[in-house]
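Enquirer: generate coordinates for the sequence data below:
(2 chains)
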Amino acid sequence: MRRSLRLGAGSGFWGDALDPAVELLERGALDFLSMDYLAELTMALLQRQRLKDPEAGYIPDLPAHLSVLLPIARARGTRIVCNGGGANPRAAGERIRELARELGLAGLRIGVVEGDDVMDRLDDLIAAGTDLTNLDTGDTNFSAIRNRVVAANVYTDSSGIVEALAQGADVVIAGRVSDNALYVGPAMHAFGWRYGASDTDRIAAAITVGHVVECAAATTGGMSSRFDEMPNMGRVGFPIVELDADGTAVITKLDHTGGRVDRFTVKEHLVYEIGDPNRYLMPDGVADFTRVHLEEIGPDRVRLTDMGGGPRPETLKLVVGYEDGWIGEGMMFFPWPDALGRAEKAKQTLGERFERLKLKADAVQFDLVGINMLHGPASPMPDYEPAEIGLRVAVHTASRQEAEKVRRACAQLWIMGPGGTSFGTPMKPRPVYGVWPTLVPQSVVTQRVSILEA
Amino acid sequence: MPLLRDFAYVRSGDKGDVVSVGVIARRPQDYPVLLASLTPERVKALFGDWVQGAVEIYPMDNIEAVVVIMRGALGGGATRTLRLDQTGKAMGNGLLRLEAVMPSGGSEAA
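Expert: From the prediction side, this is the model:
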């Protein structure tokens, strides 16, 4: 059994840079490279693509990324674990097999992990009396959205990834596993950990370090409050976890890359997007972030000890994405002198246009850009005359046609509005996908693993 | 009047309609100021109708940080909010506008 592992964070979101992942593979001496591509909204977007084309629905960038990464990974003996399968891990796996053959990577083993998609079983769940109460709002009326549902995916644990690795996968392509499982899975596989009392704290340690690095550059200086101190962020290094079988770890990054790993950057990500820090709930277990001890042990090296937590919860998070109307949006900018006065008058004029166009809106929001767009009611009014001010309007409507009226009304202010106004390119209406989070029993999900060989 | 910005850094993000803000003491000795300054009442008063639900405060003594959870705070959540700051990344910084409260009845209490 392994004593320690080197795991790299190769992607923090769909759209992340590829060059830091390449550097990690080339120089990181990694056992595993984990790549997260999915956010709450992503599954709904990918499911829509799959409806249009049954061979689509995975992260469109995945083939391009893996065509660069796989040859290096094979040469270095690093295995790649990703959730880029999105809404169609099977099609992604088939595409990557073709790609591996084109690249001459004969014998490459692609592990496909499925089972998170419960779209076809929603009605069975409802018929069986499963409680689908909305976790956020407490709303119990799921039937109100039932006929608008476009995606239903359970955040699954790492058991599918573990199984794929046990079957010798060189690259694992999963769907909506938890982001965190991309790190916990390799650890459980390599160290032979099992759910249950003796490994609970060690699994919680893997959950903790997975959380710390899963947004890649976000723990090496990206998004930092001290960004001004972070060196060469344009060529930032993504983080590496050195995880030991005893459940202690070091977070680090490669030499000669930008950014920084220190006690502060690790703290910044430990507190990021969490709920109660005493109970960070993941499908693989519960981590207690309030007991972690951080220690700087060298340049760009932070040791994490005293990690632990509790056993995995009996329920899993199911996120249902549904069509939820449209948003129409517009922006315009006003120069000194009297920029604020012009903005206020333009706002009033837009309100009149909305009336004339008989706009049917569920909600209308106006923001003064440069004044209160980002902090809302917490923003003080300026005690000086601003050099420029923007006006932003955003409107939620039931239909695309209604949302189009917002674009039209904003464009009409080109001549009907205040002098000196500057408009950018008008914004197209965008469809809205609502997210309905709920909890389901673990037994709802059975993960399936298959190996495709190139 | 000193503001929380003189004592803390923040990182914030979203989970559904919840905005989660990690507030980190600039120096270990600033941590008591965070504990004294961040109460559900003060946070709700600061953001007004932008925070519709409850506010919860979780201290993290081990890293001199406080996690502030604001429910019903994102205009319906990242995917349907009408705000430009869809994930509450900017909103967290707004907390730094709070007037700092010195612990144990100090002179700077708001």
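Enquirer: residue B:79 and residue A:41 touch, don't they?
Expert: Yes: with contact defined as CB atoms under 8 Å, residue B:79 counts as touching residue A:41 (4.9 Å). C-beta: built from backbone N, CA, C; applies to glycine.
Enquirer: who touches both of the two?
Expert: A:321, A:433, A:435 (CB atoms under 8 Å, 6 or more residues apart in numbering or on different chains).
Enquirer: just the buried residues out of these, in ChimeraX syntax.
Expert: Remark: buried members of these, expressed as a ChimeraX selection using 16 or more other CB atoms under 10 Å in any protein chain shown:
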select /A:321,433,435
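Enquirer: is residue A:369 bridged to anything, and to what?
Expert: residue A:390 (DSSP bridges).
Enquirer: if I pick it, what's in contact with it?
Expert: A:331, A:333, A:389-392.
Enquirer: dump those to CSV, plus neighbour count.
Expert: Formatted as CSV, these follow (neighbours: other CB atoms under 10 Å in any protein chain shown):
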residue, neighbour count
A:331, 20
A:333, 19
A:389, 24
A:390, 18
A:391, 29
A:392, 22
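Enquirer: from these, pick the one nearest chain B.
Expert: Using CB to the nearest CB, residue A:392 is the member of the contacts of residue A:369 that lies nearest chain B, at 6.5 Å.
Enquirer: surely the closest one forms part of a helix?
Expert: No: secondary structure of residue A:392 (DSSP: H, G, I helix; E, B strand; the rest coil): strand, not part of a helix.
Enquirer: find the closest residue to chain A in chain B.
Expert: Closest point on chain B to chain A, by CB to the nearest CB, is residue B:22, at 2.5 Å.
Enquirer: the residue minimising distance to the centre of chain B: what secondary structure?
Expert: Closest residue to the average C-alpha location of chain B: residue B:95 at 4.4 Å, with CA atoms, centre = their mean. Residue B:95 falls in the helix class when you classify it by three-state DSSP.
Enquirer: so who does it touch?
Expert: B:4, B:10, B:21, B:23, B:38, B:43, B:46, B:68.
Enquirer: mind doing that once more with 10 Å?
Expert: Residue B:95 sits next to A:375, A:378, B:3-5, B:8, B:10, B:12, B:19, B:21, B:23, B:34, B:37-38, B:42-43, B:46-47, B:66, B:68, B:70 when contact means CB atoms under 10 Å, 6 or more residues apart in numbering or on different chains.
Enquirer: so which helix or strand takes in the residue of chain B closest to chain A?
Expert: strand B:18-25 (DSSP states H and E).
Enquirer: just checking, what packs against the helix or strand of chain A with the lowest mean pLDDT?
Expert: Across the helices and strands of chain A, mean pLDDT, DSSP states H and E gives its lowest value to helix A:42-52, namely a mean of 91. If contacts are counted by 3 or more CB pairs under 10 Å, 6 or more residues apart in numbering or on different chains; DSSP states H and E, helix A:42-52 sits against strand A:149-154, strand A:315-335, strand A:430-441.
Enquirer: picking that back up, give me the beta-bridge partners of the residue of chain B closest to chain A?
Expert: Going by DSSP bridges, residue B:22 forms beta bridges with residue B:11, residue B:67.
Enquirer: wait, it sits on residue A:272?
Expert: Yes: applying CB atoms under 10 Å, one finds residue B:22 in contact with residue A:272, separated by 6.1 Å.
Enquirer: between those two, what contacts are shared?
Expert: B:11-13, B:67, B:92.
Enquirer: mind putting these into a markdown table with neighbour count?
Expert: Formatted as a markdown table, these follow (neighbours: other CB under 10 Å):
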| residue | neighbour count |
| --- | --- |
| B:11 | 24 |
| B:12 | 25 |
| B:13 | 22 |
| B:67 | 25 |
| B:92 | 24 |
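Enquirer: hmm, which of the contacts of residue B:95 are the buried ones?
Expert: Buried among the contacts of residue B:95 by 16+ other CB under 10 Å: A:375, A:378, B:4, B:8, B:10, B:12, B:19, B:21, B:23, B:34, B:37-38, B:42-43, B:46-47, B:66, B:68, B:70.
Enquirer: regarding the closest residue in space to residue A:362 that isn't next to it in sequence, what is its secondary structure?
Expert: Closest residue in space to residue A:362, ignoring its immediate chain neighbours: residue A:396 at 4.7 Å, by CB to CB, 6 or more residues apart in numbering or on different chains. Residue A:396 falls in the strand class when you classify it by three-state DSSP.
Enquirer: now for residue A:396, how many residues are close by?
Expert: 22 (other CB atoms under 10 Å in any protein chain shown).
Enquirer: you'd agree it is up against residue A:431?
Expert: No: Residue A:396 lies out of contact with residue A:431 (CB under 10 Å); the separation is 11.3 Å.
Enquirer: now for the two: what residues contact both?
Expert: A:324-327, A:403.
Enquirer: can you tell if whichever strand or helix holds residue A:242 touches chain B?
Expert: Per DSSP H and E: residue A:242 is located in strand A:240-244. No: using CB under 10 Å from any CB of the partner chain, strand A:240-244 never reaches chain B; the gap is at least 18.0 Å.
Enquirer: quick one on the thing from earlier: contact partners for the residue of chain B closest to chain A?
Expert: A:225, A:267-274, A:277, B:8-13, B:58, B:60, B:63, B:65-68, B:92.
Enquirer: next: residue A:33.
Expert: A:6-11, A:21, A:24-25, A:69, A:72-73, A:76, A:78-82, A:171, A:182, A:186, A:238, A:240.
Enquirer: mind giving me the PyMOL select for those, buried ones only?
Expert: Entered in PyMOL, the line below selects the buried ones among the contacts of residue A:33, by 16+ other CB under 10 Å:
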select buried, chain A and resi 6+7+8+9+10+11+21+24+25+69+72+73+76+78+79+80+81+82+171+182+186+238+240
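Enquirer: helices - which of the contacts of residue A:33 land there?
Expert: A:21, A:24-25, A:69, A:72-73, A:76, A:182, A:186 (DSSP state H).
Enquirer: remind me which residues of chain B are low pLDDT?
Expert: B:105-110 (pLDDT under 70).
Enquirer: quick one: the helices in it?
Expert: Using DSSP H, helices in chain B cover B:31-37, B:40-47, B:91-94.
Enquirer: including distance to residue A:207, could those go into a markdown table?
Expert: Below are the helices of chain B laid out as a markdown table (distance: least, CB to CB, whole Å):
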| stretch | distance to residue A:207 |
| --- | --- |
| helix B:31-37 | 25 |
| helix B:40-47 | 28 |
| helix B:91-94 | 23 |
